[in-house]
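Asks: what follows is a predicted structure for the sequence shown.
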Amino acid sequence: MIQPHEEGKLGGAYIYLISLVAAAGGFLFGYDLAIISGALPFLENYFGLDAAAKGLAVSSAVFGSILGPLVGMWLVRDLPGGCRERFEHIALRAGFSGFAHQCNRP
């Protein structure tokens, strides 16, 4: 990892790395918002959402895009390796099962 050069002074590469990570995070957050905005008319028609339900759907997507990385950070940092891998396996299996169930709907 890139470390500061001296106590209290940051190197140019360190500043660029921080800026790059922040820009990537902003881009991904905006991408999540664009996806839910594009899907909203279809969700509205399919589920018959009123204004309050549309607001709940959009705010849930935004909350999930904030909460997801925080939970992922906790998993990577605090859980032991074997437990983390089992949790990842269960989460992926649940996601794929939900997707497969949706694909089999008439």
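Replies: Thanks, I have it. Numbering: from 1, shown residues only.
Asks: who does the lengthiest helix in the chain touch, helix- and strand-wise?
Replies: The residue-count maximum for a helix in the chain (DSSP state H) belongs to helix 12-47. Helices and strands touching helix 12-47, by 3 or more C-beta pairs under 8 Å, 6 or more residues apart in numbering; DSSP states H and E, are helix 51-78. C-betas here are computed from N, CA, C, even on glycine.
Asks: starting at the chain centroid, how far to the helix it packs on?
Replies: Centre-to-centre, helix 51-78 and its host chain are 7 Å apart (C-alpha atoms, centre = their mean, to the nearest Å).
Asks: begin at 42 from here
Replies: In the new numbering, first residue 42, that becomes helix 92-119.
Asks: now the angle from it to helix 53-88?
Replies: Inter-element angle recorded for helix 92-119 and helix 53-88: 140 degrees (by axes from the mean of the first three to the mean of the last three C-alpha atoms, to 10 degrees).
Asks: now tell me what touches stretch 104-120 from outside.
Replies: L69, F70, D73, L74, R125, F128, E129 (C-beta atoms under 8 Å, 6 or more residues apart in numbering).
Asks: mind pulling up the pLDDT for the residue nearest the centre of the chain?
Replies: Nearest residue to the geometric centre of the chain (C-alpha atoms, centre = their mean): S106, 3.9 Å. S106 is assigned 77 on the pLDDT scale.
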